[in-house]
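Asks: Okay, here's the prediction I keep looking at, along with the sequence it came from:
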Amino acid sequence: MKRILTLILAVAFAWALAAPVDAAYYFFQVRDEQGRAVTSGFKAQIYTVASRTQDALFSDVTYSTLKTNPVNPDANGVVTFATSASTVDVLVYADSGNARGAVARVVALTDKDHTIILDTQKTEKQLRFYFDADVSRGAAVDTGIDLPKGAVVEDVWIEVATGFALSSVSVGLLSTEASGDTDGFCISQGVDQTWGVTPGYTDSAFFRCEASRSRSTAAEGAGGGERFYYASNTRGALLSSWTRGQLSLPVGDLGTLRLASNGQYQETLHFVRPGAATSIVYMTNDRQTTSRGAAGFITIFYRALREK
């Protein structure tokens, strides 16, 4: 008996030495607003508190095996991981099943917190997914995520995790489906910036797909008094209508461009009709390089008029 007890103590002592002193093991279950476990169709992305980078996660407190972040739940809707952080920020987002489009954010979660509530009843929804230039390489990638029929798409934002020079990403609906448009939501949005690389810009890794305006010079505006013109647009045809502003060269005034028109830009909504395209795709431009290209997350904001 003494030998067995000694062996147990020795094993426990060795485990204690192997585990980092500040290691914390987290486990929490995701439940809906009625307290029922959400067992599939979502991911949990873990961030260090007050940080814009994802945590390095491990399967246990020995830190012997890395764990993918975002984390997939087990069959009971429980998310587990180990990290050295005493508190973490958690983003839970669902892309399929009854919880599709639901999002929950928790700030400063500790290893003593074991439940996160995911409100599945709200009509305001978000679909979030990862994009990777190494996967796309200039070709459309079907994310495997579908918009529900009756969804009204309102907006698209890009979060850049890894920037790459002259890289861009487009977002839309599978072109082989009825009324599908590969870049119908977002057209060649630049993704060459990462967190904090641009002095003077707040949150430079977030980009909204929209038109950009250029301020006209005094000479350009002298002809019509306009103070800006629409120079480009990364918002797709399913979500906008626009024409580029035009500069002209007045007769007899060589070398001086004048603003002929500031163009027009109107944001619209996209309604997912029965029988129309629902499969979400993205496509990056092909930089033709062997090094790792741009990567990050795309979020599509929509309202659910019905869930089918």
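Replies: Perfect, thanks for sending it. Numbering: from 1, shown residues only.
Asks: Quick check: the closest residue to Ser136 other than its chain neighbours vs Gln121, distance?
Replies: With C-beta to C-beta, 6 or more residues apart in numbering as the criterion, Ser136 has its nearest non-adjacent residue at 4.2 Å, and that residue is Thr284. No exception for glycine: its C-beta is placed from N, CA and C like everyone else's. Separation of Thr284 from Gln121 (C-beta to C-beta, to the nearest Å) stands at 35 Å.
Asks: the more surrounded of the two?
Replies: Thr284 (26 against 9; other C-beta atoms under 10 Å).
Asks: The more buried one pairs with what?
Replies: Val169 (DSSP bridges).
Asks: quick one: it and Gly293 touch, right?
Replies: Yes - with contacts counted by C-beta atoms under 8 Å, Thr284 reaches Gly293, the gap being 6.7 Å.
Asks: Need the overlap of contacts for the two.
Replies: Shared contacts of Thr284 and Gly293 (C-beta atoms under 8 Å, 6 or more residues apart in numbering): Asp132, Ala133, Ser167.
Asks: Relative to Val88, which of those is nearest.
Replies: Nearest to Val88, judged by C-beta to C-beta, of the shared contacts of Thr284 and Gly293 is Asp132 at 23.8 Å.
Asks: The closest residue in space to that closest one that isn't next to it in sequence: what's it in contact with?
Replies: Nearest-residue entry for Asp132: Ala295, 4.6 Å, with adjacent residues in sequence omitted and distances by C-beta to C-beta, 6+ apart. By C-beta under 8 Å, 6+ apart, Ala295 lies in contact with Tyr130, Phe131, Asp132, Ala133, Asp134, Val160, Ala161, Thr162.
Asks: Out of those residues, which comes closest to Gly275?
Replies: Distances from Gly275 to the contacts of Ala295, taken by C-beta to C-beta, are shortest for Phe131, at 27.3 Å.
Asks: In space, what's closest to the closest one - neighbours in sequence excluded?
Replies: Nearest non-adjacent residue to Phe131 (C-beta to C-beta, 6+ apart): Tyr282, at 4.8 Å.
Asks: Quick check: the one you found vs Leu57, distance?
Replies: 25 Å.
Asks: Which one's more surrounded, those two?
Replies: The residue with more neighbours, out of Tyr282 and Leu57, is Tyr282; 25 against 21, by other C-beta under 10 Å.
Asks: thinking again about what came up before, tell me who's in contact with the residue nearest to Ser136.
Replies: Thr284 neighbours (C-beta under 8 Å, 6+ apart): 131-133, 136-138, 167-170, 191, 293-294.
Asks: Show the buried residues in those residues.
Replies: By neighbour count, with 16 or more other C-beta atoms under 10 Å, the contacts of Thr284 hold Phe131, Asp132, Ala133, Ser136, Ser167, Ser168, Val169, Ser170, Val191, Gly293, Ala294 as buried.
Asks: For the residue nearest to Leu174 when sequence neighbours are not counted, name its beta-bridge partners.
Replies: Spatial nearest neighbour of Leu174, excluding adjacent residues (C-beta to C-beta, 6+ apart): Ser279 at 3.9 Å. Bridge pairing for Ser279 (DSSP bridges) gives the partners Asp146.
Asks: residues touching Ser279, list them.
Replies: Asp142, Thr143, Ile145, Asp146, Leu173, Leu174, Glu177, Gly180.
Asks: ok, of those residues, which come out buried?
Replies: Here, 16+ other C-beta under 10 Å leaves Thr143, Ile145, Asp146, Leu173, Leu174, Gly180 buried among the contacts of Ser279.
Asks: all helices of the protein, in order?
Replies: For the chain, the helices defined by DSSP state H cover 2-18, 133-136, 218-221.
Asks: Against Ser240, how distant is the closest residue to Tyr47 other than its chain neighbours?
Replies: Residue nearest to Tyr47 in three dimensions, not counting chain neighbours: Asp89, with 4.2 Å by C-beta to C-beta, 6+ apart. Separation of Asp89 from Ser240 (C-beta to C-beta): 33 Å.
Asks: and the closest residue in space to Ala37 that isn't next to it in sequence, how many neighbours?
Replies: Nearest residue to Ala37, sequence neighbours excluded (C-beta to C-beta, 6+ apart): Gly77, at 4.2 Å. Using other C-beta under 10 Å, Gly77 is surrounded by 21 other residues.
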